[in-house]
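S.K.: Sequence and predicted structure are below.
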Amino acid sequence: MSGARSRGSRSGLGAPRGTGRPRRDRRVIGRGGEGLAGALNRVVGAWSGVRITPMFGRWGYFLGGVLFGTYPLRPKSHDLWIRLSREDQARALKLAGITPHRRFAARGWIECRLAEPEELPWALKWLRRGYERARHAREEEG
């Protein structure tokens, strides 16, 4: 070979691999969410000790190492997942629009649809209960 460098090399011609146009999700993550996810992230992120992390296409709401809720990154998805105590889960499942989580219902998870801004206070009420459950779990650990 003559001294020509490949197109993908760092010091060669052109941009290195993987530096093309960023995916939309990455821009949304950088802004902390958009639409209802952004509003939800701003409120929940202000709660003491909460860490919000993107995971598997969803925002994960953590208190320490305890996951207590998730919401989709994509603005067209609207299913909020919340982990509750057994008592709160039973209470929530009596309400219209709340269903047991399709895979993790036995662990206290519920699913509900959060698609309109008017539903945000209602969803935050249940997320707060999930947060309190996670707080008590952390206190019991140690």
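M.R.: Received it, and whenever you're ready, just let me know what you need.

S.K.: Stretch 69-80: end-to-end distance?
M.R.: Stretch 69-80 has its terminal residues 7 Å apart, counting by Cα to Cα, to the nearest Å.

S.K.: Please shift the residue numbers so they start at 793 in all later answers.
M.R.: With 793 as the first residue, the last one maps to stretch 861-872.

S.K.: Give me the residues contacting it.
M.R.: 817, 820-821, 825-829, 832, 836, 846-847, 849-853, 873-875, 903-907, 915, 919, 922-923 (Cβ atoms under 8 Å, 6 or more residues apart in numbering). Every residue, glycine included, has its C-beta placed from N, CA and C.

S.K.: Drop anything exposed from those.
M.R.: Among these, the ones that count as buried by 16 or more other Cβ atoms under 10 Å are 820, 825, 828-829, 832, 836, 850-853, 873-875, 903-904, 906, 915, 919, 922-923.

S.K.: any idea which element residue 859 lies in?
M.R.: Counting by DSSP states H and E, the secondary-structure element that holds residue 859 is strand 858-864.

S.K.: Tell me the spacing between the residue lying closest to residue 893 once chain neighbours are set aside and residue 834.
M.R.: Nearest residue to residue 893, sequence neighbours excluded (Cβ to Cβ, 6 or more residues apart in numbering): residue 901, at 3.6 Å. To residue 834, residue 901 is 24 Å away according to Cβ to Cβ, to the nearest Å.
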